[in-house]
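Peer 1: Sequence and predicted model, in that order:
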Amino acid sequence: MAFKERVFSGVQPTGNLHLGNYLGAITKFVALQEKYDCIYCVVDLHAITVWQDPAELPKATREVTAAYIASGIDPKKNIIFNQSQVAEHAELAWVFNCVARIGWLNRMTQFKEKVGKDRENASVGLFVYPSLMAADILLYRATHVPVGEDQKQHVELARDIAQKFNNDFGASIHAHGFGDLFFPLPEPIIQGPATRVMSLRDGAKKMSKSDASDYSRINLTDDADAIAQKIRKAKTDPEPLPGEEKGLEPRPEADNLVGIYAALQGVSKAKVLSEFGGGQFSTFKMALVDLAVAKLGPIGAEMKKLTQDPVYIDTVLADGSQRAQTIAAETMKAVKDIVGFVRR
Ligand code: ATP
Ligand code: MG
């Protein structure tokens, strides 16, 4: 069966939106709206899998919404909303908790990385995070999910859950007139030179909202001076840039900066090296500062403007939630029938 092509993705309102979120996810969201029907969520239910200050969470939710709009996502053409306003996300996640296997979740590397040695003290929500993510995607029967490299494993788990649901309930799906498959198997979209932007301080660590050092990341709201200072101080090695991509392999920090430049400029890493290869690192860094300020400056300024009008942001989220819920409610009705829940 052919499913209608639809894009779904989300960003957590956990503060400090950064260049990795922008290049790995948000720029892809913007590009996909030209061709697809897109739903972009601010995943606040995911955010509380680790502690969030209730006084900060609304601000962070509005900031992600502002980042979406400031980056060029049209909230009229697409759906922009926050997850907690559509209760069906939690409802479908429960069904998926009963479809997914503990062994599957035990393999998730994000959980292992986030809990470190303190597994016993992690929230149950953090462990079942991927079931909720599968529900986010499949509630809209989305077929494409643009994400950074770090979320690949979770999208694959969503496919496994969709497939097991389709198999386990195959007879019921058929009996209720939904054909052979109820859920599509969603595909991750992970492309381009910046699918995993690394920390500016440590080329082995992903750039992340939760890194204690602000110098590890470029925040979308950083001003020109902050961007310049962070890039100037970014860790590098003393060698000049290589002429070819192969030369970047043993040099994660250099590779990262070249990838950032390529993604911001919309060209390949090879193209960047053909321009800067053989030259001094400082020359390249200066060019990167100019490019980053030119691309991110206007977005940060627009975000600041938008967040000064929370009423407008909340209207966008309310309108998006209503439109999302119309689709979600249809899916949930069908799921209830398929599973065998008596309903009104
Ligand atoms: P947290 O530390 O709270 O998990 P995060 O920076 O990982 O924050 P998320 O909200 O979890 O941000 O992820 C939003 C999107 O940004 C996802 O698609 C994720 O894959 C992508 N993303 C996150 N970090 C990076 C990165 N360093 N490079 C590329 N993409 C990234
Ligand atoms: Mg994350």
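Peer 2: Now that the structure is in, tell me what you want to look at. Residues are numbered from 1 along each chain as shown. Ligands and ions are numbered 1, 2, ... in the order given.
Peer 1: When you work out contacts or count neighbours from here on, use the C-alpha atoms and nothing else.
Peer 2: OK.
Peer 1: what's the spacing between the lengthiest helix in the chain and its chain's center?
Peer 2: As assigned by DSSP state H, the longest helix anywhere in the chain is helix 310-339. Mean-position distance between helix 310-339 and its chain equals 20 Å (C-alpha atoms, centre = their mean, to the nearest Å).
Peer 1: what comes up buried for it?
Peer 2: Neighbour-count burial for helix 310-339 flags 313-314, 316-321, 323-325, 328-329, 331-332, 335, 338 (criterion: 16 or more other C-alpha atoms under 10 Å).
Peer 1: Tell me if stretch 142-153 is near ligand 1.
Peer 2: Yes. Counting by C-alpha under 6 Å from any ligand atom, ligand 1 is contacted by stretch 142-153 at V147, G148, E149, D150, Q151.
Peer 1: Just the buried ones out of these, please.
Peer 2: V147, G148, E149, Q151.
Peer 1: Let me have those residues in a markdown table, extended by secondary structure and distance to K76.
Peer 2: Output for these, formatted as a markdown table (DSSP: H, G, I helix; E, B strand; the rest coil; distance: C-alpha to C-alpha, whole Å):
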| residue | secondary structure | distance to K76 |
| --- | --- | --- |
| V147 | coil | 22 |
| G148 | coil | 25 |
| E149 | helix | 29 |
| Q151 | helix | 27 |
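Peer 1: Just send the residues you listed back as JSON lines, with pLDDT too.
Peer 2: As requested, those are exported to JSON lines (pLDDT from 0 to 100):
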{"residue": "V147", "pLDDT": "98"}
{"residue": "G148", "pLDDT": "98"}
{"residue": "E149", "pLDDT": "97"}
{"residue": "Q151", "pLDDT": "98"}
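Peer 1: beta partners for the closest residue to A142 other than its chain neighbours?
Peer 2: Excluding its sequence neighbours, the residue lying closest to A142 (C-alpha to C-alpha, 6 or more residues apart in numbering) is R6, at 4.7 Å. Beta-bridge partners recorded for R6 (DSSP bridges): D37.
Peer 1: L139 is in contact with R6, correct?
Peer 2: No. Between R6 and L139 there is no contact under C-alpha atoms under 8 Å: 11.4 Å.
Peer 1: what does the stretch 101-250 of the chain put close to ligand 1?
Peer 2: Checking the stretch 101-250 of the chain against ligand 1 by C-alpha under 6 Å from any ligand atom, the hits are 147-151, 195-198, 206-210.
Peer 1: Name the residues that touch stretch 82-99?
Peer 2: The contact list for stretch 82-99 (C-alpha atoms under 8 Å, 6 or more residues apart in numbering) reads 41-45, 61, 128, 131-136, 139, 161, 164-165, 317-318, 321-322, 324-325, 328-329, 332.
Peer 1: cool, stretch 282-301 as well?
Peer 2: Counting by C-alpha under 8 Å, 6+ apart, 67, 70-71, 220-224, 227-228, 231-232, 261, 264-265, 276 sit against stretch 282-301.
Peer 1: can you check stretch 233-248 too?
Peer 2: Applying C-alpha under 8 Å, 6+ apart, the external contacts of stretch 233-248 come out as 200-202, 215-216, 251, 253-255, 269-270, 273-274, 276-281.
Peer 1: Just the buried ones from the residues you listed?
Peer 2: 200-201, 215-216, 253-255, 269-270, 273, 276-277, 281.
Peer 1: quick one: which of these is nearest D37?
Peer 2: K269 (30.3 Å; C-alpha to C-alpha).
Peer 1: For the residue nearest to that closest one when sequence neighbours are not counted, the count of nearby residues, please.
Peer 2: Of all residues not flanking K269 in the chain, A262 sits nearest, at 5.4 Å (C-alpha to C-alpha, 6+ apart). Neighbourhood size, A262 [other C-alpha atoms under 10 Å]: 21.
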